[in-house]
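Trainee: From the sequence below, what's the structure:
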Amino acid sequence: VAETTTSTHQIKYNIHNRMNLSSQQASPILILHGGPGVPSDYLLPLKDVVPYRSIVFYDQLGCGSSPGPESKDAYHIESSLDDFEAPVKKVGLRSFHLYGQSFGGILAFEYLKRIAERNVDDNGDSRCLSVVLSSSPCDVEQVETVAGSLIEELMAKDDDESTIMERFRISHQC
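Mentor: Next up, the predicted model:
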């Protein structure tokens, strides 16, 4: 596990198949995991699906091996995008493919908006060659409403919060 530091955060990442990072035929894949609050390791099976490419797994702020911030105010999209770009720059990726799963898909979309808004051609930035959005919600408010009602339903059957959240995870997230 390697790490990089943004202006305010320590971000941990792991590179599978590091030898192929500079391959011209098989640009690496950057993985944006879901959550927030879930480490990237649930997506590790992707390394077996694409064994000939380097894959960069990074843990978002407060997830997995990346420590949490001192204040919850650090959790916002712009900061998350800065945190995502830090390992890209540290590793020196010139081009890559992007895979965003669930909340990671929201970040991938926001990243595409960010680079489009820069509106500068070939300024030394890394190039995103393709994007896959996997199970990414397009209406976060609706997701929160549905998840809230499912949790309430579980709470009506049990009052132990740790049990409720585990049952929610098993029943509705996996």
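Trainee: give me phi/psi at the residue nearest to Leu133 when sequence neighbours are not counted?
Mentor: Nearest non-adjacent residue to Leu133, counting by CB to CB, 6 or more residues apart in numbering: Gly105, 3.9 Å away. Bear in mind the C-beta positions are built from the backbone N, C-alpha and C, glycine included. Main-chain torsions, Gly105, degrees, to the nearest 10: phi -70, psi -40.
Trainee: residue ranges for the helices of the chain, please.
Mentor: All helices of the chain, identified by DSSP state H, fall at 46-49, 77-91, 103-118, 140-157, 161-168.
Trainee: what number of residues lie near the residue nearest to Leu133?
Mentor: Look at Gly105: counted by other CB atoms under 10 Å, it has 22 neighbours.
Trainee: If it's not too much trouble, I'd like the helices of the chain exported to a markdown table so that distance to Thr8 and mean pLDDT sit alongside each entry.
Mentor: A markdown table is the format used below for the helices of the chain (distance: least, CB to CB, whole Å; pLDDT from 0 to 100):
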| stretch | distance to Thr8 | mean pLDDT |
| --- | --- | --- |
| helix 46-49 | 29 | 91 |
| helix 77-91 | 8 | 88 |
| helix 103-118 | 18 | 90 |
| helix 140-157 | 24 | 82 |
| helix 161-168 | 29 | 75 |
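Trainee: Ok, which of the ones you listed comes nearest Gln10?
Mentor: Evaluated with CB to CB, these place helix 77-91 nearest to Gln10, the distance being 9.5 Å.
Trainee: Does anything pack onto that closest one? Which helices or strands?
Mentor: Applying 3 or more CB pairs under 8 Å, 6 or more residues apart in numbering; DSSP states H and E, one finds that helix 77-91 makes contact with strand 2-5, strand 10-16, strand 29-32, strand 55-59, helix 103-118.
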